[in-house]
Each structure stands twice: as C-alpha cells, then as structure tokens.
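S.K.: I'll drop the sequence and a predicted model, then ask my questions.
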Amino acid sequence: MMRWTLLLLLAPLLAAAQPLDVTWRYAQLFEERGPETLDYLLGLGAYQKIHSRWRLAKSDVIRGELTRVTWQVQEGFTAQEGYEWYRERLPAEAENLFQCEGRACGSSAQWANRMFEQRILYGHDDRQRLGVWRLQENGETWTLVLYAVDRANRRHYVHLDRLRHITDIPEPD
C-alpha cells in the first residue's frame, strides 16, 4: 500500500522530467516561460535576407508544448562555454538536426527577436552558436534548440527552447 501511495505522489514529478532540465553552476536563471502548446517554427538553417525580407534558409513546423529557458552566464565565462556544457549533457542518442556558429547562423537580431522572442539574446553575429537536436526520452519525442551569444556589453547568455512533441492537439473553438 505504501509503495502505491509513494508512486502516486511521485508520478507528477516523474512525468515532468524534461531533457536538459539542469542549470550550469556558472549561470543563473534569467527567465523561464511556458509550458505553452503551439505550432513551433523550427529553424534548421540560417536567417537570410531574401528580397528585402528576413527568412530562414530551412525550417519545419512542429506541434508541441514549448518551455523556454534563458540563463545569464557569470562574469569570467563565455556563452560558448555555457553552450558546450549543455551540449555535453545531451544524451548520446540525440540526433543533431542543425548546427551553426558565427555568421553562418545569420542575424543574431533575427534569432533573438523572431525565433526566441527574447531581445536580450541580440549580440554579435560572429559570437553566436546554435544547435538543434531531436531525441526520444521516457517514451516522448523532444526537440531541443540551444542558442548562445555574447553581447556587446560583455554579458553572455545561453537559451534553450525545449519542445515536447504532441500529435493530438485539439483545434481551437
């Protein structure tokens, strides 16, 4: 009986387990938003200016539950170090869908404002890094988008979009 009671109490915590749900010791939480159910535009290529309009070179749309987390890296460390710390904690079976760094990612302002809706992430185009992974964990499919940037004011940020795929989202009334 006690075993069942314990399992019932722990079930919500076990179900809430999410990939990369950790904080690097040299970063502090800046902001966390979500979860929010939506159709997520997944960038799988650089932001490019085409015919006077900013567009992703390649993208996909995924229905799912999105949680966004932004960390500010402590002074003395860089966004790249934070990015690598989180990347190293990805499960070995995580499939890399896209990766870029520096100007190969396109405009930092577009990633910050359009994709992540977090203006604090606008920084040097040549000091940004982005990775997109898909993985299976606890019977669920996840897409993780990790972004890191150094700003001109010498502040450094790491951002994670964590999307749990949902295939049966009810249509709005």
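M.R.: Here it is on my side, so go on. Everything quoted here is computed from the prediction, not taken from an experiment. Numbers count the residues shown, from 1 in each chain.
S.K.: distance of Gln136 relative to Gln128?
M.R.: 28 Å (Cβ to Cβ, to the nearest Å). (C-beta placed from N, C-alpha, C; glycine too.)
S.K.: just Lys58 next, same as before
M.R.: Per Cβ to Cβ, Lys58 is found 18 Å from Gln128.
S.K.: equivalent analysis for His51, please.
M.R.: Distance from His51 to Gln128, counting by Cβ to Cβ: 24 Å.
S.K.: of these two, who's got more company?
M.R.: Between His51 and Gln128, counted using other Cβ atoms under 10 Å, Gln128 has the larger neighbour count: 28 against 5.
S.K.: contact partners for Ala27?
M.R.: Trp71, Gln72, Val73, Gln74, Phe77, Gly82, Val158 (Cβ atoms under 8 Å, 6 or more residues apart in numbering).
S.K.: show me what the first one is bridged to.
M.R.: Here Trp71 sits in beta bridges with Leu29, Val158, as judged by DSSP bridges.
S.K.: any idea which helix or strand in this structure has the lowest mean pLDDT?
M.R.: Lowest mean confidence among the helices and strands of the chain (mean pLDDT, DSSP states H and E): helix 2-15, at a mean of 42.
S.K.: low-confidence stretches in this protein?
M.R.: 1-16, 168-173 (pLDDT under 70).
S.K.: go ahead and confirm Tyr122 touches Ser107.
M.R.: No: counting by Cβ atoms under 8 Å, Tyr122 does not reach Ser107; the two are 9.1 Å apart.
S.K.: rewinding a little: by neighbour count, which of the contacts of Ala27 wins?
M.R.: Val158 (28 neighbours).
S.K.: in this structure that one contacts Val22, no?
M.R.: No: using Cβ under 8 Å, Val158 is not in contact with Val22; the gap is 11.7 Å.
S.K.: overlap of the contact sets of those two?
M.R.: Common neighbours of Val158 and Val22 (Cβ under 8 Å, 6+ apart) are Tyr86.
S.K.: across the sheet, point out what pairs with Gly131.
M.R.: Gln99, Leu146.
S.K.: list the contacts for Leu41?
M.R.: The contact partners of Leu41, by Cβ under 8 Å, 6+ apart, come to Leu56, Ser59, Asp60, Val61, Met115.
S.K.: which strands and helices lie in contact with the helix or strand hosting Tyr86?
M.R.: Using DSSP states H and E, Tyr86 sits within helix 79-87. Secondary-structure packing of helix 79-87 (3 or more Cβ pairs under 8 Å, 6 or more residues apart in numbering; DSSP states H and E): strand 59-73, strand 128-137, strand 140-150, strand 156-165.
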